[in-house]
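Participant: here are the coordinates; sequence isn't available:
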């Protein structure tokens, strides 16, 4: 079953984040809580973790993209 990973809410004052780097490539296995990508906001750089296990099928956004 496919699931789209959605950017989690980063707080009331942060509305955008930029993808700094992907930590997984399509085909990689994901475990819940495992870092998937690194994003940067105006305040910090943080990892976005997988909230569901499975395999990364494809990326819908690229490094440098604003989310």
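Facilitator: Cool, the structure landed. Everything numeric in this text was worked out from a predicted model, so none of it was measured.
Participant: enumerate every residue touching residue 26.
Facilitator: 56, 57, 58, 59 (C-beta atoms under 8 Å, 6 or more residues apart in numbering). For glycine as for every other residue, the C-beta is placed from the backbone atoms N, C-alpha and C.
Participant: need the contact list for the third one.
Facilitator: Contact partners of residue 58, counting by C-beta under 8 Å, 6+ apart, are residue 26.
Participant: now it: how far from residue 44?
Facilitator: Noted for residue 58: a distance of 27 Å to residue 44, by C-beta to C-beta, to the nearest Å.
Participant: that older thread, now the contacts of residue 26: which count as buried?
Facilitator: Neighbour counting with 16 or more other C-beta atoms under 10 Å marks 56, 59 as buried within the contacts of residue 26.
Participant: and the furthest pair within the contacts of residue 26?
Facilitator: Maximum pairwise distance among the contacts of residue 26 (C-beta to C-beta): 9.0 Å, between 57 and 59.
Participant: what about the strands in the protein?
Facilitator: Here the chain has its strands, by DSSP state E, at 18-22, 29-30, 35-40, 45-49, 54-55.
Participant: so what secondary structure elements neighbour the last one?
Facilitator: For strand 54-55, the helices and strands in contact under the criterion 3 or more C-beta pairs under 8 Å, 6 or more residues apart in numbering; DSSP states H and E are strand 29-30.
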